[in-house]
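K.L.:
next comes the sequence, and after it the predicted model I'd like to discuss.
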Amino acid sequence: MALVLGIDPGSRKTGFGIVSVSKGKPTYVTSGVIRLPVDQPLAPRLAVLFENLNALIDEYSPEQAAIEEVFMARSAGAALKLGQARGAAMVACVSRNMVVHEYSARAIKQAVVGTGAATKEQVQHMVKTLLNLPGEPAEDAADGLAAALCHAHSQQGLSALASGAMRRGRLQSSHL
């Protein structure tokens, strides 16, 4: 069983979701939104993000993290702030010895909905369906869960490819 922390970073709010993956099947553990104080400069907001993610990691002990890559936002300034939030989130994970995997928004939507052009509502609906939740999670929490699900699907696909190649005798070890 592996716990995967999915993170949808932002400079105002960051969505997160944790799923447990056992035998290729993801199960919901927790999710939510870290709201950052908008009345403060960026540096103290990033500290709040870092501290909250550390507390979350301490409580649940996920082994891996999946984080959404930066996309070109409305402006260069917005993209820079998003990048700084991603950096704070990545450092929180790496400082706890977690492996961090990065996925584009399109890849996450493709893995969860089946199309990289999915809407936020479609992502929420599919996260609810895939994790058998009683209701749709908040938008940012759904995006965090979607990142975790994307990673779970990606790892499951890689495992299937590796085991299939090994059965066909195509994996060779190299000796230097």
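P.N.:
In hand now; what should we look at?
K.L.:
where does pLDDT dip in the chain?
P.N.:
1, 72-73, 156-176 (pLDDT under 70).
K.L.:
hmm, try it at 50
P.N.:
Within the chain, the ranges that satisfy pLDDT under 50 run 158-176.
K.L.:
quick one: the helices in it?
P.N.:
Using DSSP state H, the helices of the chain run over 42-60, 76-94, 105-113, 120-130, 139-167.
K.L.:
out of those helices, which gets nearest to Val21?
P.N.:
Minimum separation from Val21 across the helices of the chain (CB to CB) falls at helix 139-167, 4.7 Å. (C-beta placed from N, C-alpha, C; glycine too.)
K.L.:
so what's Leu130 up against?
P.N.:
Residues near Leu130 by CB atoms under 8 Å, 6 or more residues apart in numbering: Pro26, Val112, Leu149.
K.L.:
for Ala66, which residues make a bridge with it?
P.N.:
Gly6, His101 (DSSP bridges).
K.L.:
only C-alpha atoms, please: export stretch 119-130 in PDB.
P.N.:
Written as PDB, here are the backbone C-alpha positions of stretch 119-130 (Å, rounded to 0.1, in the frame of the first residue of the first chain):
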ATOM      1  CA  THR A 119     -13.500  21.400 -17.300                       C
ATOM      2  CA  LYS A 120     -13.100  21.800 -13.600                       C
ATOM      3  CA  GLU A 121     -16.700  20.400 -13.100                       C
ATOM      4  CA  GLN A 122     -15.800  17.300 -15.100                       C
ATOM      5  CA  VAL A 123     -12.700  16.700 -13.000                       C
ATOM      6  CA  GLN A 124     -14.800  17.100  -9.800                       C
ATOM      7  CA  HIS A 125     -17.400  14.600 -11.000                       C
ATOM      8  CA  MET A 126     -14.800  12.000 -12.100                       C
ATOM      9  CA  VAL A 127     -12.800  12.300  -8.800                       C
ATOM     10  CA  LYS A 128     -16.100  11.800  -7.000                       C
ATOM     11  CA  THR A 129     -16.900   8.700  -9.200                       C
ATOM     12  CA  LEU A 130     -13.400   7.200  -9.100                       C
END
